[in-house]
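Colleague: Would you be able to build a 3D model of this:
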Amino acid sequence: MNFLRVLTVFIFLTLGVGFIGCGGGGADVKSTNTTVGQELMDLEKAYKDGIITEKEYNNTKSKILKRKY
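Modeller: Alright, predicted model coming up:
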């Protein structure tokens, strides 16, 4: 009987500590407001650095221009 009490207390403490750890974390989420020009400059840099292909560059450039205008 005493063992069950100890086990029950242990389970409640374990669950309580576990739920305290789920308290959000306080992460700051910042939105970025980039301009069309900045997006295009970043895209061009990625293309010139060889990170993306010419096809990806042209497709993404078209999407940026369509979305913003």
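
Colleague: Provide a list of residues in contact with Y57.
Modeller: By CB atoms under 8 Å, 6 or more residues apart in numbering, Y57 lies in contact with 43-44, 46-47. C-beta here means a position set from N, CA and C on the backbone, and glycine is covered the same way.

Colleague: Buried ones among these?
Modeller: Neighbour counting by 16 or more other CB atoms under 10 Å classes 43, 47 among the contacts of Y57 as buried.

Colleague: Spatially, which residue comes closest to E56, not counting chain neighbours?
Modeller: Using CB to CB, 6 or more residues apart in numbering and skipping the chain neighbours, the partner closest in space to E56 is Y47 (7.8 Å).

Colleague: Surely the one you found is in contact with E54?
Modeller: Yes. Between Y47 and E54 a contact is recorded at 7.0 Å, counting by CB atoms under 8 Å.

Colleague: that older thread, next up, the contacts around the residue nearest to E56.
Modeller: Y47 is in contact with 53-54, 56-57, counting by CB under 8 Å, 6+ apart.

Colleague: Okay, and it sits in which element?
Modeller: helix 36-48 (DSSP states H and E).

Colleague: Show the average pLDDT along that helix.
Modeller: Averaged over helix 36-48, pLDDT sits at 94.

Colleague: Just the endpoints, please. Distance across stretch 47-57?
Modeller: By CA to CA, to the nearest Å, the extent of stretch 47-57 from end to end equals 6 Å.

Colleague: Which positions within it qualify as buried?
Modeller: Across stretch 47-57, burial judged by 16+ other CB under 10 Å covers 47, 52, 57.
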